[in-house]
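Engineer: got a sequence here, can you build the structure:
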Amino acid sequence: MIDIDTLPMRVGLGQFQEITDQRLAYIKQCGCDDFQMNIPDLPGEERWEYEDLAGLVERASAAELRLMSIENVPPRFYDKIMLGQHGREQQLDNMVYTIQNLGKAGVPILGYNFMPGGVWRTANDTPVRGGALATSFNYEKASHVRPGDRTNFGIWTTVQIDREYSEEEIWNNYCWYLERILPVCEQAGVRLALHPDDPPVPSLGGVGRVFRNFENFQRAMDTFDSPMHGLNFCHGCWSEMRAGEGVLDAIRFFGEKGKIFYVHLRDVQGPVDDFVECHLDEGNCDPVATVRTLHQIGFQGFLLPDHVPQMQGDGIWCERGRAWTVGYIQALIAAVTS
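Structural biologist: Next up, the predicted model:
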């Protein structure tokens, strides 16, 4: 297992599902030593096997890179857990098996979310600087969607929503899960890193969204206090919550407690009910202040570009947009640590 507490604040790359020689070379060429994978393309309808996870770690090591985190398991692994449905006990057994295998394979962090409704955007081709394309969200357009409605707004999820679920129901299901899975993480040496609901609004598609404000994150960290439980601090989502206000306060509060395991460093323009993703240097927040605050609280994790605008000539993974963002973050780190 990687000793992640001895590493400095640094940039990593990620948000892809399959390792290729070209992708590994790109990461190295960008000056990064770490990467993360989001729902890696592995066999298994209900759980992941040790051999497949170990293969990812070995592939990274052979390229002189570190697989620092796997972010998210397929929603089908724990959809019944999130919704409190019949069959959640079997899904819990499979999640225990998967986390034990992550620890055995040497993956130090599992990023996770608890939003059965998934990530929502109302457009994915909104023009930003110079004609680059970005995603955007307008609450008025999305607010009419009810459970079972066909929509293109809910993305990055395959959970079938059969009825309305209150925020309290989702919180209770979350507690049921964490009470049972966190001791497994402690034994396996795998850190759980919680991502906010995106966008952080009270409800979408008839499903309550718990992790949408400071108070609910504080409640989760206090209720399930463990060295193995912390945050995937999605800077973009925290910026969405109050149009950039309170982000530095949240970094200080959770960071000083050692609860920020890694950071999605992106930003948006506008408030949660009407925002557009953008280049990092023109969002709601001052990125210099963000990285300086992370340095001041002794953050030793990695910063991930996460979503980036699609620039001229970019493919689906936005290689040009990511390269620009990596270089920008590297300069920020150098500026605040020199």
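Engineer: how about the helices of the stretch 101-250 of the chain, start to end?
Structural biologist: Read by DSSP state H, counting those that start in this stretch, the stretch 101-250 of the chain holds these helices, from start to end of the chain: 139-142, 167-188, 214-223, 235-241, 247-255.
Engineer: mind checking which of those is nearest L65?
Structural biologist: When these are ranked by distance to L65, counting by Cβ to Cβ, first place goes to helix 167-188 at 22.3 Å. Just so you know, the C-beta spots here come from the backbone N, C-alpha and C atoms, and that holds for glycine as well.
Engineer: report the rounded mean pLDDT for that closest one.
Structural biologist: Over the span of helix 167-188, the pLDDT mean works out to 98.
Engineer: packing partners for it?
Structural biologist: Helix 167-188 is packed against helix 79-83, helix 88-105, strand 191-194, strand 207-208, helix 214-223, strand 229-234, with contacts defined by 3 or more Cβ pairs under 8 Å, 6 or more residues apart in numbering; DSSP states H and E.
Engineer: Throw the helices of the stretch 101-250 of the chain into a markdown table and include mean neighbour count and distance to I161, thanks.
Structural biologist: Compiled in a markdown table, the helices of the stretch 101-250 of the chain are given as follows (neighbours: other Cβ atoms under 10 Å; distance: least, Cβ to Cβ, whole Å):
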| stretch | mean neighbour count | distance to I161 |
| --- | --- | --- |
| helix 139-142 | 15 | 14 |
| helix 167-188 | 17 | 12 |
| helix 214-223 | 15 | 21 |
| helix 235-241 | 26 | 21 |
| helix 247-255 | 19 | 29 |
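Engineer: just to revisit the earlier point, looking at the helices and strands packed on helix 167-188, which is buried most?
Structural biologist: Each of those was scored by mean neighbour count; the highest is strand 229-234, a mean of 26, by mean count of other Cβ atoms under 10 Å.
Engineer: what is that strand packed up against?
Structural biologist: For strand 229-234, the packing partners by 3+ Cβ pairs under 8 Å, 6+ apart come out as helix 167-188, strand 191-194, helix 214-223, helix 247-255, strand 260-264.
Engineer: could you measure Y262 against F233, distance?
Structural biologist: As judged by Cβ to Cβ, to the nearest Å, Y262 and F233 stand 7 Å apart.
Engineer: same question for E64.
Structural biologist: Using Cβ to Cβ, one gets 27 Å for the distance from E64 to F233.
Engineer: I'd like the helices and strands packed on strand 229-234 laid out as a markdown table, including distance to M115.
Structural biologist: Supplementary listing: the helices and strands packed on strand 229-234 in a markdown table, determined by distance: least, Cβ to Cβ, whole Å:
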| stretch | distance to M115 |
| --- | --- |
| helix 167-188 | 8 |
| strand 191-194 | 11 |
| helix 214-223 | 12 |
| helix 247-255 | 18 |
| strand 260-264 | 15 |
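Engineer: out of those, flag the one nearest T293.
Structural biologist: helix 247-255 (5.0 Å).
Engineer: give me the mean pLDDT for that closest one.
Structural biologist: Summarised as a single mean, pLDDT over helix 247-255 is 98.
Engineer: that helix vs helix 214-223, what angle?
Structural biologist: Angle of helix 247-255 versus helix 214-223, following axes from the mean of the first three to the mean of the last three Cα atoms, to 10 degrees, is 10 degrees.
Engineer: how about the CA coordinates for helix 247-255, as PDB?
Structural biologist: Once non-C-alpha atoms are left out, helix 247-255 reads as follows in PDB (Å, rounded to 0.1, in the frame of the first residue of the first chain):
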ATOM      1  CA  VAL A 247     -15.300  27.500   0.000                       C
ATOM      2  CA  LEU A 248     -12.100  28.600   1.900                       C
ATOM      3  CA  ASP A 249     -13.900  28.200   5.200                       C
ATOM      4  CA  ALA A 250     -14.900  24.600   4.300                       C
ATOM      5  CA  ILE A 251     -11.300  23.800   3.300                       C
ATOM      6  CA  ARG A 252     -10.000  25.100   6.600                       C
ATOM      7  CA  PHE A 253     -12.600  23.400   8.700                       C
ATOM      8  CA  PHE A 254     -12.300  19.900   7.200                       C
ATOM      9  CA  GLY A 255      -8.600  20.200   6.100                       C
END
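Engineer: thanks again, I'm all set now.
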